[in-house]
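# Build me a model:
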Amino acid sequence: MKNTETKIIHNWWELNALKYQEIYKISTDEIYYGSYTPSESKLKLLGDVAGKDIVELGCGAGQAAIVLNKKGARCTAVDFSSAQLKYGRYLNFYEKTDVQFIEDDIQHLISLESHSFDTAVSIFALQYVENLLGCFKQVYRILRPGGEFVLV
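Presented below is the predicted three-dimensional model:
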C-alpha cells in the first residue's frame, strides 16, 4: 500500500515521464551521474560489468541499465512509474538491448528474488523514497554476498 507522499510522487511521474525524457534526453551510450558531473567512464564506480547481474533501482526509463547491458551485464531495471518503464521498453527495443523492466516500488522490491544481483545501482532516485531504511534492507536482501550498492 502506497502512503500519501509516495502516491503523489508516483502520480507526478506518471503524468510527466515523457516530458522529462524529452527535456533531458538521457544518454544510452554513457552513464552520467548528474548534471556537470563526470561520466562512468571517468569515475569508474562500476568497473568491469561484463557477466554481472545488475539491477538499476528507480531507473526511470532505464538508460543506465541499457548502457550496462551494452557492456555485457545482465540487467534488470525497476521503477514504479509505468509511463517511464513504457519509454524504457521502447529504448530497449530501439537500442537492441536485453534489459528486463519491472514495475515495483524500490522500498519493497517484492518482485525480486533474494541474493540475485551482484550490483545494485541507483542514480538520483532515493530522494523519492520515504522509507530509506526499508529500501536499504531490500537492497541488502537482493544482493549476493559481497555485492555492491552504487548510490548516487
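
# got the CA coordinates for the strand of greatest length in the chain in PDB?
In the chain, ranked by residue count with DSSP state E as the criterion, the top strand is strand 143-151. Listed in PDB are the C-alpha atoms of strand 143-151, where the atom choice follows Å, rounded to 0.1, in the frame of the first residue of the first chain:
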ATOM      1  CA  LEU A 143      22.400  -8.600  -3.400                       C
ATOM      2  CA  ARG A 144      24.600 -11.600  -3.300                       C
ATOM      3  CA  PRO A 145      27.100 -11.900  -0.500                       C
ATOM      4  CA  GLY A 146      29.900  -9.400  -1.300                       C
ATOM      5  CA  GLY A 147      27.500  -7.500  -3.700                       C
ATOM      6  CA  GLU A 148      27.900  -3.800  -4.200                       C
ATOM      7  CA  PHE A 149      25.400  -0.900  -4.000                       C
ATOM      8  CA  VAL A 150      26.400   2.100  -6.000                       C
ATOM      9  CA  LEU A 151      24.300   5.000  -4.900                       C
END
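
# Which other helices and strands does it contact?
Counting by 3 or more CB pairs under 8 Å, 6 or more residues apart in numbering; DSSP states H and E, the packing neighbours recorded for strand 143-151 are strand 117-122. C-beta: built from backbone N, CA, C; applies to glycine.

# Quick one: mean pLDDT over the strand it packs on.
Per-region confidence: strand 117-122 scores 98 on mean pLDDT.
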